[in-house]
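[1] my questions are about this predicted structure, shown below with the sequence.
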Amino acid sequence: MSPLLPWASIDVSVAPSGYVTDYAEGVTVDEYIEGYPEEVRVVLEKIRATIRQAVPRSSEKISYKIPTVTLDGKYLVYYAAWKHHIAVYPVPAGDEAFERELAPYREAKGTLRFPLAEPIPYGLIGRVAKQLAAARTEGQRSAPTRRGGS
């Protein structure tokens with residue numbers, strides 16, 4: 001058991017920074033979530049459902065040892081539980097109002113950190129996922145097409 005995650009039931013070893021660095025290969029998203037205490041599992045399951053509702057065509061897998069939501073086979077958004085917070089990555093660009101709403105949770109340019117001791121803004125997490133999906137779709141629409149011939 002990890003000294004920083006004493007309640008984790010999955011096989012973990014934790015670096016001094018508190019980040020999960022290794023656990024048994026082949027862990028599923030369900031197993032990842034099951035490795036946390038009930039109060040954290042509830043939050044992770046609600047985040048999972050919120051993202052899947054915001055992006056219905058999405059799939060999920062473990063990548064970089066954390067839950068990863070994919071769209072069209074490519075990563076869209078990651079989320080992870082840490083000792084005192086839930087992190088969501090990456091952070092989409094948005095208008096000024098959206099940026100103000102994200103500001104209290106911004107840990108770094110590409111990370112949102114939601115303290116477990118505070119109410120989790122599930123609606124905001126859903127909008128983050130939706131915005132990331134929209135940006136992906138916009139990028140695909142605006143990509144130049146190749147023309148055949150000479």
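    That came in fine, so what should we check first? Residues are numbered from 1 along each chain as shown.
[2] where does the chain have low pLDDT?
    Flagging of the chain using pLDDT under 70 yields the residue ranges 1-25, 140-150.
[3] remind me, longest strand of it?
    Here the longest strand in the chain is taken by residue count, with DSSP state E as the criterion, and it is strand 74-81.
[4] that one: partners in the sheet, and parallel or antiparallel?
    Paired strands of strand 74-81, with direction, are strand 66-71 (antiparallel), strand 85-89 (antiparallel) (DSSP bridges).
[5] so can I have TSV of those showing distance to Val77 and mean neighbour count?
    Where you see a C-beta, it was placed from the backbone N, CA and C, and this is true even at glycine. Putting the strands paired with strand 74-81 into TSV (distance: least, Cβ to Cβ, whole Å; neighbours: other Cβ atoms under 10 Å) gives the following:
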stretch	distance to Val77	mean neighbour count
strand 66-71	5	20
strand 85-89	6	19
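[6] what's the neighbour count on His84?
    One way to gauge burial is a neighbour count; for His84, by other Cβ atoms under 10 Å, it gives 10.
[7] contact partners for it?
    Residues near His84 by Cβ atoms under 8 Å, 6 or more residues apart in numbering: 115-117.
[8] can you say which of the strands paired with strand 74-81 is nearest to Ala135?
    Taking Cβ to Cβ as the criterion, Ala135 comes closest to strand 66-71 out of the strands paired with strand 74-81, the separation being 10.6 Å.
[9] how far off centre is the longest strand of the chain?
    3 Å (Cα atoms, centre = their mean, to the nearest Å).
[10] tell me where the chain has strands.
    Counting by DSSP E, the chain has these strands, from start to end: 13-14, 20-22, 59-63, 66-71, 74-81, 85-89, 106-108, 111-115.
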